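J.: model this:
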Amino acid sequence: MRRIRSLFYPIIIFVLAQLAWVVVIGLWIYRYVMNNMIFNEVGDRISPGLISESANVWALVEGLILMVTVSVAMTLIFRHLTIQLKINKLYDQFIANITHELKSPLGSIQLYLETLNSRPVPRTKQKEFIHIMLKDADRLQNQIDTILDISGLEQKKYAYTFETVTAGPALSRIIEDTAGQLHIPRERLSIHGNPMLPCVIDRKAIQTVFNNLMDNAVKYSEEQPALRINLSSDSGQVKIEVRDQGIGIAHKDQRKLFQKFHRVYRRDIPSVKGTGLGLYWVREIIRAHGGRMSVFSPGRDQGTTFTIRLPVYGASKKRYTNRLLKVTRKRRKREVSHDHEPV
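T.: Numbering: from 1, shown residues only. So this is what the prediction gives:
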């Protein structure tokens, strides 16, 4: 209902504008036809030198061109207006989601502090409260860091620290560390393959990728998540497949999944929280590595597979990966020289 209301006025404006130019073109055509009829009636009484058939034809052609041009222009204006309204709606949803995400840990911290301040609390309970508050503080810091990091990505100011690693062992270690942080039981995670190929990555950024993908698997699984991660090589690329057995993704949502602020809504999972930035962030990180990312799900309740392809160092996108390493070396030199500057 809100969507219909938000589009009501733009549609009315568009229709009125279309009617206005149609009336103008109609009057122009009417005038052209009337003039032509008058010339036909009195043409034999007018000197032939004053009548130009080609001028009349060109006038008609120009009018038709004008009509088509105005029509296309109005259509483009309406299209861009609709896109802007959609962006505004997504922005409002993002503000609502991020506000909730920030207020939730903050409210929890405030509640425990008020409890500690209002009455005596046993020593063991104090430790428990402090532990929960620290955990919520970390959650709050992670949310803020996420927003700042995404802002840095968009402005090309995010400082990656690229290095050359052996893909199999390095990725397996990152995956296992991430699973530990998300409290995914070892028996619910299986890693297959161990490509001993050089690859240029930023460990922290790649951990962010796996953190988002595995956290989504936890959120969107009705039971305890089961994750299968395949590591392999394919045509000069390291191929990573992250497969879960969750609720799946409808085909209509798969195309939009990596768009900023886009979230998948289902009535049977109303409690899933988020900002709609996670997968957008993941895709941008993979792009910065010179890689590609895709998603596939057979449908509802049939799980989802995310596929990541990163270039093998020396075999694919050699100039690009060398540039990534060069930028990292330059930044480190600047940081070292800055640290040694006299205060």
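J.: just checking, what packs against the longest helix belonging to the chain?
T.: Among the elements of the chain assigned as helix by DSSP state H, the one spanning the most residues is helix 53-118. Packed against helix 53-118 by the contact rule (3 or more CB pairs under 8 Å, 6 or more residues apart in numbering; DSSP states H and E) you find helix 2-42, helix 123-154. (C-beta placed from N, C-alpha, C; glycine too.)
J.: give me every residue that touches the closest residue to residue 236 other than its chain neighbours.
T.: Nearest non-adjacent residue to residue 236, counting by CB to CB, 6 or more residues apart in numbering: residue 316, 3.7 Å away. Applying CB atoms under 8 Å, 6 or more residues apart in numbering to residue 316 gives the contacts 235-237.
J.: mind checking which of the residues you listed land in strands?
T.: Residues of the contacts of residue 316 located in strands (DSSP state E): residue 237.
J.: gap between the residue lying closest to residue 283 once chain neighbours are set aside and residue 250?
T.: Among residues not flanking residue 283 along the chain, residue 258 sits closest, at 4.4 Å (CB to CB, 6+ apart). From residue 258 over to residue 250 the distance is 15 Å, taken as CB to CB, to the nearest Å.
J.: looking at those two, which has the bigger crowd around it?
T.: residue 258 (18 against 12; other CB atoms under 10 Å).
J.: what about the stretch 51-200 of the chain, any weak spots by pLDDT?
T.: Low-confidence segments of the stretch 51-200 of the chain (pLDDT under 70): 51-60, 62-63, 90, 93-94, 96-97, 100-101, 150-157.
J.: ok, 90 please
T.: Low-confidence segments of the stretch 51-200 of the chain, defined by pLDDT under 90: 51-112, 114-129, 131-161, 178-188.
J.: mind checking the SS state of the residue lying closest to residue 296 once chain neighbours are set aside?
T.: Counting by CB to CB, 6+ apart, residue 305 is the residue found nearest to residue 296 once chain neighbours are left out, at 5.1 Å. Using DSSP: H, G, I helix; E, B strand; the rest coil, the structure places residue 305 in strand.
J.: for residue 305, list the residues it contacts.
T.: 241-244, 295-297.
J.: same thing but 7 Å
T.: Residues in contact with residue 305 (CB atoms under 7 Å, 6 or more residues apart in numbering) are 241-243, 296.
J.: out of those, which is nearest to residue 127?
T.: Closest approach to residue 127 among those (CB to CB): residue 242, at 36.8 Å.
J.: what sits up against the helix or strand hosting that closest one?
T.: Using DSSP states H and E, residue 242 falls within strand 237-244. Identification of contacts with strand 237-244 by CB under 7 Å, 6+ apart yields 167, 171, 195, 197, 199, 213, 217, 221, 225-233, 303-312, 316.
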